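Novice: Any chance you could fold what I've pasted below:
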Amino acid sequence: MAVFIIFIILYAYQFIYLISVFVKKPQEYEAKKQHKFAVVSSARNEEAVIGNFIDSVKKQKYPGELVDIFIIADNCTDNTAEIARQHGAYVLERFNDKEVGKGYALDYFFDVIKAEYADNGYEAFIFFDADNLLDENYVAEMNKVFDNGYRAITSYRNSKNYGSNWISAGYALWFLREAKYLNNARMLLGTSCAISGTGFLLSKELVEENDGWKYHLLTEDIQFSVANILQKEKIGYCGKAKLYDEQPYTFSQSWKQRMRWCKGFYQVVMHYGFSLFKNMFRNFACFDMLMTILPAIFLTFISVIVNCGFIVLELIQEGVKQSVIPIILQGFGMSIVYFYLILFFFGVITTITEWKEIHCPVVKRILYCFTFPIFIFTYIPISVAALFKKVKWEPIKHDVNISIESLSTKTKHNE
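Specialist: Alright, predicted model coming up:
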């Protein structure tokens, strides 16, 4: 129970975030200028999905001459590069089995841009995963926020396979909550947001100040966010720029991906934890990021260990008081129940407010509110294993081959 109380104290500010979404209206942004962008995706054997991604960029309601598409075919052994060229993208083929991962691919991309495309006049870069699909207004909406002075911007992350099963829905509901009740709330309250994997913009100016992409931990997105927040950069959020992301739907793929995330979070804590703690009293965004990179679910594991330890001590003591053990077990059980209810609450609130954004049948939308806390609880063994296991970057297979038009039609049928 004590661990649960600590959890509530540390994360109470997120309830303020939630309230702010209902009491504050987001600022409406307008752009005085249409800027030139390079859309970038690092792709590793993505022949099943790369074509639909590029097509969704091509169909933007934004001047085509102001948007160039770059695909980094990173150590590909399939037809990703060929298909990308057929769909009209610039393709940069990279083969390096020593420096593996998106961070190194982006570092390579910026070197090529500087050497070969410096005269193209790109004012900012927008990054996606190869499995993404973009709403037709994505670039136009990001342009508005960028034109109003933000040098780093994240966007609204939806999912194209929400209804595959409880695993994909767990991911999807978490990302919807992150967009609506974390980054949106941060933007409303004037603190810094955080980029998360895909769907983010960086200005050319910021890239040059950072000397390209120098973030190579297992969670390079969070590393970028933390490092730049420590430099007092305020990351913005554009809720009207919507993308659709593919989520893992097998537990083995999910375990592999989330193991990397957990290990990456530990790496970020080791590299930046003290600096965040030192600065959190004068910069709230530092406290927010510290709470983000500290694996909250690990508190549940600590609760398990503490309670089990008390039980063992009671059993080995002479004259053990058997009445104490049920009390300990009851306290542990109630903590689990309370955690479940809090997660269920956030799942329900997110499902209700984002109802029209969820692309699956109504029955599944309701059912997955109940399985959402279970999905989050599966982080417990993953968080523990990540402490001891050596983890390296590995690609996640994407095979949900659907166009943005088909996704829209499917959504209408499910309403």
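Novice: can you give me the strands for the stretch 151-300 of the chain?
Specialist: Under the criterion DSSP state E, counting those that start in this stretch, the stretch 151-300 of the chain contains strands at 152-159, 200-203, 236-245.
Novice: got CSV for the ones you listed, with mean neighbour count, distance to residue 366 and mean pLDDT too?
Specialist: Using the backbone N, CA and C atoms, a C-beta is placed for each residue, glycine as well. Formatted as CSV, the strands of the stretch 151-300 of the chain follow (neighbours: other C-beta atoms under 10 Å; distance: least, C-beta to C-beta, whole Å; pLDDT from 0 to 100):
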stretch, mean neighbour count, distance to residue 366, mean pLDDT
strand 152-159, 26, 17, 97
strand 200-203, 25, 31, 98
strand 236-245, 23, 21, 97
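Novice: By mean pLDDT, flag the weakest helix or strand of the chain.
Specialist: Every helix and strand of the chain was ranked by mean pLDDT, DSSP states H and E. The lowest is helix 297-316, at a mean of 58.
Novice: Who are the packing partners of the very next helix or strand once past that helix?
Specialist: Once helix 297-316 ends, the next helix or strand along the chain (criterion: DSSP states H and E) is helix 324-353. Applying 3 or more C-beta pairs under 8 Å, 6 or more residues apart in numbering; DSSP states H and E, one finds that helix 324-353 contacts helix 2-11, helix 13-23, helix 166-177, helix 297-316, helix 362-377.
Novice: Look up how far residue 229 lies from the closest residue to residue 212 other than its chain neighbours.
Specialist: Closest residue to residue 212 apart from its sequence neighbours, by C-beta to C-beta, 6 or more residues apart in numbering: residue 110 at 3.9 Å. Noted for residue 110: a distance of 21 Å to residue 229, by C-beta to C-beta, to the nearest Å.
Novice: higher neighbour count, the two?
Specialist: Each of residue 110 and residue 229 has its neighbours counted (other C-beta atoms under 10 Å); residue 229 has more, 25 against 20.
Novice: Residue 235 is in contact with the more buried one, correct?
Specialist: Yes. Between residue 229 and residue 235 there is a contact at 7.2 Å, judged by C-beta atoms under 8 Å.
Novice: returning to what we had before: lowest-confidence stretch among the helices and strands packed on helix 324-353?
Specialist: Lowest mean pLDDT within the helices and strands packed on helix 324-353: helix 297-316, at a mean of 58.
Novice: For the stretch 151-300 of the chain, which segments count as helices?
Specialist: Counting by DSSP state H, counting those that start in this stretch, one finds helices in the stretch 151-300 of the chain at the ranges 166-177, 184-189, 204-209, 220-230, 251-279, 284-293, 297-316.
Novice: How far off centre is the fifth one?
Specialist: Yep, that's helix 251-279 we're talking about. In terms of C-alpha atoms, centre = their mean, to the nearest Å, the centre of helix 251-279 is found 12 Å from the chain centre.
Novice: Could you number the chain from 47 rather than 1 from now on?
Specialist: Yes, from this point I'll number from 47; that puts the last item at helix 297-325.
Novice: Give the buried residues for that helix.
Specialist: For helix 297-325, burial by neighbour count (16 or more other C-beta atoms under 10 Å) applies to 299-315, 318-319, 322, 325.
Novice: which helices and strands does whichever strand or helix holds the residue nearest to residue 258 pack with?
Specialist: Take DSSP H and E as the rule and residue 156 turns out to sit in helix 148-162. If contacts are counted by 3+ C-beta pairs under 8 Å, 6+ apart, helix 148-162 sits against strand 83-89, strand 113-120, strand 136-140, helix 266-276.
Novice: how about a cut-off of 7 Å?
Specialist: Judged by 3 or more C-beta pairs under 7 Å, 6 or more residues apart in numbering; DSSP states H and E, the packing partners of helix 148-162 are strand 83-89, strand 113-120, strand 136-140.
Novice: Tell me the residues that contact both of residue 275 and residue 281, please.
Specialist: Shared contacts of residue 275 and residue 281 (C-beta atoms under 7 Å, 6 or more residues apart in numbering): residue 238.
Novice: what's next to stretch 395-405, contact-wise?
Specialist: Contact with stretch 395-405 is made by 204, 206, 208-209, 219, 222-223, 226-227, 411, 415, 453, 456-457, 460, as judged by C-beta under 7 Å, 6+ apart.
Novice: hang on, the earlier thing: just checking, the residue nearest to residue 258 touches residue 254?
Specialist: No. Under the criterion of C-beta atoms under 7 Å, residue 156 makes no contact with residue 254, lying 9.2 Å away.
Novice: and residue 204, how far is that from residue 110?
Specialist: Plainly put, residue 204 is 24 Å away from residue 110 if you go by C-beta to C-beta.
Novice: now do residue 168
Specialist: Separation of residue 168 from residue 110 (C-beta to C-beta): 15 Å.
Novice: Who has more neighbours out of these two?
Specialist: residue 168 (21 against 11).
Novice: OK, contacts around the closest residue to that one other than its chain neighbours?
Specialist: Using C-beta to C-beta, 6+ apart and skipping residues adjacent in sequence, the residue nearest residue 168 is residue 84, 4.5 Å away. Remark: with contacts taken as C-beta under 7 Å, 6+ apart, residue 84 is in contact with 114, 116, 168, 171.
Novice: which stretches of the protein aren't confidently modelled?
Specialist: For the chain, applying pLDDT under 70 flags the ranges 47-50, 341-378, 454-461.
Novice: now do 80
Specialist: Low-confidence segments of the chain, defined by pLDDT under 80: 47-54, 340-381, 441, 445, 447, 449, 451-461.
Novice: would TSV of the strands of the stretch 197-346 of the chain with distance to residue 395 be doable?
Specialist: TSV is the format used below for the strands of the stretch 197-346 of the chain (distance: least, C-beta to C-beta, whole Å):
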stretch	distance to residue 395
strand 198-205	16
strand 246-249	25
strand 282-291	16
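Novice: Out of those strands, which is closest to residue 144?
Specialist: Set against residue 144 and scored by C-beta to C-beta, those come closest in strand 246-249, at 25.4 Å.
Novice: other SSEs contacting that closest one?
Specialist: Here strand 246-249 touches strand 170-175, strand 198-205, going by 3+ C-beta pairs under 7 Å, 6+ apart.
Novice: What strands line up against that strand, and which way round?
Specialist: Using DSSP bridges, the strands paired with strand 246-249 are strand 170-175 (antiparallel), strand 198-205 (antiparallel).
Novice: Contacts made by the longest one with the rest, please.
Specialist: With contact meaning C-beta under 7 Å, 6+ apart, strand 198-205 is reached by 188, 191-192, 214, 217-218, 221-222, 225, 229, 239-242, 245-248, 252, 274, 279, 281-285, 287-291, 293, 403.
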